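Asks: Quick one, what's the 3D model for this:
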Amino acid sequence: MTVKDTPWIFDDFEVGTDLASLTVVLDEGRIANWNRIYGEAGGRIEPSDEAVLRGLIVAAMMEGYIGAVQPRPPGNIHAGQRLAFSGAPVRPGARLVLAYSCRAKEIRRERRWLTFGVRILDGERLVAEGEISSIWAQ
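Replies: Down below sits the predicted model:
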């Protein structure tokens, strides 16, 4: 994990750099939390299911993103995301490896934009790949 003593600022990021690789386990606790939030709305996941819902994979991606670059300056804005799924089923209990990189950085309308790449793997299998766009505060 990429952790510093001071918050990451825009100038610290270099396009093409790998930032962090984190593991998120889709364990019983994480599934129970998901079910508390979404279960009544038809989004229930059981430990015996053949595959978790894609929303849980997106939640894991965001959990990893929050931990990928620390500490962060206050005031960053999550501006968007794009995620393409491979179609490979992910079972409850899977250990997802989430790898983050810096794909792009630019200044638009006096705002500092960063695009982070993410690859999500279940073992050797690609589960999803995409990008997260942020407006960086400093």
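Asks: Could I get the contacting residues of the most centrally placed residue in the chain?
Replies: By Cα atoms, centre = their mean, the chain has its centre lying nearest to residue 61, at 2.5 Å. Shown in contact with residue 61 (Cβ atoms under 8 Å, 6 or more residues apart in numbering): 81, 83, 98, 118, 120, 128, 130, 132. Glycine gets a C-beta too; all of them are placed from N, C-alpha and C.
Asks: next one: residue 56
Replies: Contacts for residue 56 were tallied using Cβ under 8 Å, 6+ apart; they are 26, 30, 31, 34, 45.
Asks: Report how many residues lie close to the first one.
Replies: Spelled out, it's residue 26. Residue 26 is surrounded by 23 other residues when neighbours are defined as other Cβ atoms under 10 Å.
Asks: List the contacts of it.
Replies: The contact partners of residue 26, taken as Cβ under 8 Å, 6+ apart, are 52, 56, 60, 90, 91, 92, 93, 94, 95, 96.
Asks: which among the residues you listed end up buried?
Replies: 52, 56, 60, 90, 92, 94, 96 (16 or more other Cβ atoms under 10 Å).
Asks: any idea which of those is closest to residue 110?
Replies: Taking Cβ to Cβ as the measure, residue 60 is the one of those closest to residue 110, at 33.6 Å.
Asks: Which is the succeeding secondary structure element to the longest strand along the chain?
Replies: Counting by DSSP state E, the longest strand found in the chain is strand 95-108. Note on strand 95-108: by DSSP states H and E, the next helix or strand toward the C-terminus is strand 111-122.
Asks: how about that next one: buried residues?
Replies: By neighbour count, and taking 16+ other Cβ under 10 Å as the criterion, the buried residues in strand 111-122 are 112, 113, 114, 115, 116, 117, 118, 120, 121, 122.
Asks: As TSV, the residues you listed with pLDDT and distance to residue 18 would be great.
Replies: Output for those, formatted as TSV (pLDDT from 0 to 100; distance: Cβ to Cβ, whole Å):
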residue	pLDDT	distance to residue 18
112	98	20
113	98	20
114	98	14
115	98	14
116	98	11
117	98	9
118	98	11
120	98	15
121	98	14
122	98	19
